[in-house]
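Undergrad: give me a model of this one.
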Amino acid sequence: MRLYSGTTKSLIEDSTCNRIATKLKDAFFTEFRYQPSVGEVNSWNNSLRAVSQVFQAACLLDHGVLLELQLPLTSKRLDCLVTGYDAERTSNAVIIELKQWSGCKGSSGKNEVATFVGGIVRDVLHPSVQVGQYMTYLTDCHTAFQGKDGIAAHACSYLHNYDPIKDDPLFLPQFENQIARFPVFTADHVSELMAFLDERIHGGDGGAVAAKVEQSKYCPSKKLLDHIGKLIKGKPEYILLDEQLVVYDKVMEAATEGVKAKKKVAIIVRGGPGTGKSVIAMNLLGDLSSTGLNAHYVTGSRAFTSTVREIVGTRAAAQVRYFNSYMDADVNVIDVMIADEAHRIRETSNNRFTPKVKQSKVSQIQELLKASRTSVFFIDDNQIVRPGEIGSTGYIKTEAEKLHCEIREFELAAQFRCAGSDAFVSWVNNTLGIERTPHVMWNQADEFDFRILPTPQALEDAIRAKLGENSTARLTAGFCWPWSKPKSDGTLVCDVVIGEYSKPWNARSDSGSLAAGIPKESLWAYEDGGINQIGCVYTAQGFEFDYVGVIFGSDLLYHPESADWKGDKTKSCDTVVKRSGERFTQMVKNTYRVLLTRGMKGCYVHFMDKTTANFFRSRMEHTGKA
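TA: The predicted structure is shown next:
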């Protein structure tokens with residue numbers, strides 16, 4: 001999809017006659033059925049006039065132009081792509097990212113700068129990093145750029161309102177390599193931009209090369225798939241053991257057979273915390289990619305998806321997506337879809353940002369099943385922590401049957417978390433009343449280190465001590481305190497206050513520019529600075545640490561008189577879960593089950609409520625530990 005297709009000559013004429021923004025606005029409405037924002041229309045007017053003047057000055061008058069070209073299976077659009085031939089008559093395309101910035105500030109992020117966007121100063125990708133990612137994605141996933149006759153791609157950014165100052169953050173040494181590959185041209189660099197374009201697209205193509213781009217299809221390149229396979233294969237954290245390998249072999253066989261079969265295949269792999277679901281999923285992504293199959297790894301968690309992307313790197317991130325990425329996907333566009341944390345599948349892919357006219361009437365599970373020939377769902381039926389998340393084994397089976405899928409099921413039981421202790425997860429389930437299990441009492445002689453700490457400060461001190469021993473560790477809590485936006489200086493508000501103890505939550509996803517050392521919400525579990533904030537279930541779910549600290553809030557209390565658990569909505573600050581009606585108590589139980597089972601070696605807890613703490617203690621066999 002693109003909003004404008006023409007030549008440099010037609011763009012110059014449309015811009016000179018002040019009709020380019022109107023054409024894009026009309027095309028936008030035709031495509032999306034709602035009007036673009038005033039800011040976007042103004043941006044088209046200003047930026048496209050500026051770049052058309054560069055084309056005219058450089059005498060690039062017979063070249064193909066695509067404006068607002070959508071990257072396949074994403075909502076991202078390229079500002080401008082211009083095509084032509086170089087001196088050897090090789091087909092070339094140049095992506096130009098257009099920005100109206102007038103200045104920027106430094107950022108704590110390695111790939112970011114801070115600038116005024118959407119009413120506040122925000123951390124955004126450096127233009128060279130952004131346009132470089134766009135180019136990599138386009139060449140990896142668009143058939144026009146693949147093979148010996150593929151179009152050669154180049155990228156740059158043009159900040160036509162930007163006058164650099166001395167020691168400008170835009171040109172910091174940390175961006176040197178990216179700028180060398182994907183140059184950034186400012187208001188005083190027009191002649192350099194003209195030379196950059198002339199070297200690559202001196203010869204006009206009359207739009208022929210651009211037409212080839214338009215007519216090509218989404219398909220990940222063999223180089224990308226090989227890259228992903230090599231990246232994952234051999235990493236010690238992705239080694240499979242025992243039944244993990246058995247399930248992997250069965251799923252691998254079913255997935256490869258399913259791609260060749262006419263009938264769709266839906267594979268369900270059930271397992272509790274620490275049974276290795278994500279390890280198997282990552283191995284499948286690597287090995288299926290190595291065989292040349294188009295495999296996608298998808299989750300419903302911003303934090304989990306962002307961290308996986310960080311681990312596998314920018315290029316491989318093209319195959320790591322969200323559950324809501326397939327609203328407009330073609331049928332069977334994916335060979336194998338690997339859905340991790342499938343209990344987080346929602347009713348639909350619509351969210352508060354989806355315009356009414358674009359809202360899908362198709363369920364999210366149907367979108368996922370239709371987009372893939374074979375779908376693999378890794379699921380824990382007891383990890384649903386929000387009312388909008390409805391993924392379950394029964395639900396997936398019912399929906400798969402509607403599409404006449406062949407359904408195969410597998411179960412993971414062995415523990416590879418909690419020091420390999422099946423007993424701890426089983427005891428947590430029993431103690432919280434989630435399910436009856438044989439493990440009524442916790443034997444503290446077990447290798448897994450579970451402790452109850454008297455104060456939140458003692459909890460933090462214990463977790464930091466483990467961090468000092470080169471273990472991974474994080475502090476978490478139930479959602480019992482408000483979640484504020486950062487202060488104007490980018491530091492966080494200490495929302496979690498318990499007596500004299502105070503600590504900030506992890507940064508909100510809509511935070512502006514954050515102070516140095518504060519990770520974004522999505523990377524709280526991955527970056528070192530995450531130890532200085534408390535994570536909630538939405539940032540901790542899906543991750544594992546050597547040790548986890550949990551502040552067990554007053555939103556879930558044990559009542560000895562009725563021998564039952566009761567949720568207290570008045571003590572919860574989770575507005576979504578508070579609207580879950582009779583399911584509130586179960587949701588909060590699931591929340592604490594998730595938090596308590598994030599540790600591989602140990603879990604330390606501070607209870608806000610003494611009666612609840614005493615109930616946990618009553619279920620522990622005393623051996624001298626706290």
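
Undergrad: quick one: low-confidence ranges for the stretch 201-350 of the chain?
TA: 233-238 (pLDDT under 70).

Undergrad: residue ranges for the helices of it, please.
TA: 208-215, 222-232, 243-260, 277-290, 302-312 (DSSP state H, counting those that start in this stretch).

Undergrad: the stretch 1-150 of the chain too?
TA: Using DSSP H, counting those that start in this stretch, helices in the stretch 1-150 of the chain cover 8-16, 20-32, 38-57, 127-141.

Undergrad: now tabulate these in JSON lines and tack on mean neighbour count, distance to residue 291 and mean pLDDT.
TA: Backbone N, C-alpha and C define where each C-beta goes, glycine included. Converted to JSON lines, the helices of the stretch 1-150 of the chain look like this (neighbours: other C-beta atoms under 10 Å; distance: least, C-beta to C-beta, whole Å; pLDDT from 0 to 100):
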{"stretch": "helix 8-16", "mean neighbour count": "20", "distance to residue 291": "43", "mean pLDDT": "97"}
{"stretch": "helix 20-32", "mean neighbour count": "16", "distance to residue 291": "36", "mean pLDDT": "94"}
{"stretch": "helix 38-57", "mean neighbour count": "18", "distance to residue 291": "42", "mean pLDDT": "96"}
{"stretch": "helix 127-141", "mean neighbour count": "23", "distance to residue 291": "17", "mean pLDDT": "94"}
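
Undergrad: which stretch among these comes nearest residue 561?
TA: The closest of the helices of the stretch 1-150 of the chain to residue 561 is helix 20-32. By C-beta to C-beta, the value is 57.2 Å.

Undergrad: on that earlier part again, between the helices of the stretch 1-150 of the chain, which gets nearest to residue 465?
TA: Nearest of those (C-beta to C-beta): helix 127-141, 37.4 Å.

Undergrad: still on that earlier bit, in TSV, list the helices of the stretch 201-350 of the chain along with distance to residue 102 and mean neighbour count.
TA: Converted to TSV, the helices of the stretch 201-350 of the chain look like this (distance: least, C-beta to C-beta, whole Å; neighbours: other C-beta atoms under 10 Å):
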stretch	distance to residue 102	mean neighbour count
helix 208-215	31	18
helix 222-232	37	18
helix 243-260	51	17
helix 277-290	42	23
helix 302-312	30	20
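
Undergrad: sorry, back to before: as CSV, the helices of the stretch 1-150 of the chain with distance to residue 261 would be great.
TA: Listed next are the helices of the stretch 1-150 of the chain as CSV, based on distance: least, C-beta to C-beta, whole Å:
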stretch, distance to residue 261
helix 8-16, 47
helix 20-32, 35
helix 38-57, 45
helix 127-141, 25
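
Undergrad: among those, which is nearest residue 164?
TA: It's helix 127-141; of the helices of the stretch 1-150 of the chain, that one is closest to residue 164 (C-beta to C-beta) at 12.7 Å.

Undergrad: and for the closest one, what are the contacting residues?
TA: Outside helix 127-141, the residues that touch it by C-beta atoms under 8 Å, 6 or more residues apart in numbering are 71-74, 76, 78, 95-97, 99, 111, 124-125, 145-146, 150, 153-157, 159, 170, 175, 178-179, 181-184, 218-221, 223-224, 314-315, 318.

Undergrad: angle of it against helix 208-215?
TA: Interaxial angle, helix 127-141 versus helix 208-215 (axes from the mean of the first three to the mean of the last three C-alpha atoms, to 10 degrees): 70 degrees.

Undergrad: what's the separation between the residue lying farthest from the centre of the chain and residue 611?
TA: Residue farthest from the centre of the chain, counting by C-alpha atoms, centre = their mean, is residue 561 at 44.4 Å. Relative to residue 611, residue 561 is positioned 10 Å away (C-beta to C-beta, to the nearest Å).

Undergrad: try residue 433
TA: Relative to residue 611, and taking C-beta to C-beta, residue 433 is found at 15 Å.

Undergrad: OK, contacts around residue 11?
TA: 4, 20, 48, 52, 55, 65, 67.

Undergrad: format those as CSV; extra columns: distance to residue 140.
TA: Shown next, in CSV, are the contacts of residue 11 (distance: C-beta to C-beta, whole Å):
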residue, distance to residue 140
4, 24
20, 30
48, 27
52, 29
55, 28
65, 23
67, 22
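
Undergrad: closest to residue 386 out of those residues?
TA: Nearest to residue 386 among these, with distances taken as C-beta to C-beta, is residue 67, at 38.7 Å.

Undergrad: pLDDT score for the residue farthest from the centre of the chain?
TA: Here the pLDDT value assigned to residue 561 is 94.

Undergrad: secondary structure class of residue 582, three-state.
TA: helix (DSSP: H, G, I helix; E, B strand; the rest coil).

Undergrad: who's more crowded, residue 433 and residue 611?
TA: residue 433 (14 against 11; other C-beta atoms under 10 Å).

Undergrad: part of a strand, is that one?
TA: No - counting by three-state DSSP, residue 433 is located in no strand; its state is coil.

Undergrad: my guess is it contacts residue 564. True?
TA: Yes - the criterion here is C-beta atoms under 8 Å, and residue 433 meets it with residue 564 at 7.1 Å.

Undergrad: tell me the pLDDT at residue 420?
TA: pLDDT, residue 420: 53.

Undergrad: just the one 5 residues further on next, same as before
TA: According to the model's per-residue confidence, residue 425 sits at a pLDDT of 89.

Undergrad: I'd say it and residue 274 touch.
TA: Yes - in this structure residue 425 lies within contact range of residue 274 using C-beta under 8 Å: 6.7 Å.

Undergrad: just the endpoints, please. Distance across stretch 347-359?
TA: In stretch 347-359, first residue to last residue: 12 Å (C-alpha to C-alpha, to the nearest Å).

Undergrad: I'd like to know how far the residue farthest from the centre of the chain sits from residue 513.
TA: The separation that residue 561 has from residue 513, given C-beta to C-beta, amounts to 51 Å.

Undergrad: try residue 348
TA: Distance, residue 348 to residue 513, using C-beta to C-beta: 33 Å.

Undergrad: go on, residue 166?
TA: 21 Å.

Undergrad: higher neighbour count, those two?
TA: Higher neighbour count among residue 166 and residue 513: residue 513, with 24 against 4, using other C-beta under 10 Å.

Undergrad: do you know how far the more buried one is from residue 178?
TA: Distance from residue 513 to residue 178, by C-beta to C-beta: 20 Å.

Undergrad: same question for residue 206.
TA: Distance from residue 206 to residue 178, by C-beta to C-beta: 33 Å.

Undergrad: of those two, which one has the most company?
TA: Ranked by neighbour count (other C-beta under 10 Å), residue 206 and residue 178 place residue 178 first, with 20 against 14.

Undergrad: okay, and the more buried one sits in which element?
TA: helix 176-181 (DSSP states H and E).

Undergrad: now for that helix, which elements pack on it?
TA: helix 127-141 (3 or more C-beta pairs under 8 Å, 6 or more residues apart in numbering; DSSP states H and E).

Undergrad: what about the helix it packs on, distance to the chain center?
TA: 17 Å (C-alpha atoms, centre = their mean, to the nearest Å).

Undergrad: pLDDT value on the nearest residue to residue 501 once chain neighbours are set aside, please?
TA: Spatial nearest neighbour of residue 501, chain neighbours left out: residue 456 (4.4 Å); criterion: C-beta to C-beta, 6 or more residues apart in numbering. We have a pLDDT of 97 for residue 456.

Undergrad: what's the answer for residue 352, then?
TA: For residue 352, pLDDT reads 79.

Undergrad: again, but for residue 623
TA: At residue 623, pLDDT is 50.

Undergrad: could you do residue 34 as well?
TA: 87.

Undergrad: which residues touch the closest residue to it other than its chain neighbours?
TA: Counting by C-beta to C-beta, 6+ apart, residue 34 lies nearest to residue 355, which is 4.4 Å off, once chain neighbours are set aside. Going by C-beta under 8 Å, 6+ apart, residue 355 touches 32, 33, 34.

Undergrad: pretty sure the last one sits against residue 354.
TA: Looking back up the chat, that one is residue 34. No - at 10.2 Å, residue 34 does not count as touching residue 354 under the criterion of C-beta under 8 Å.
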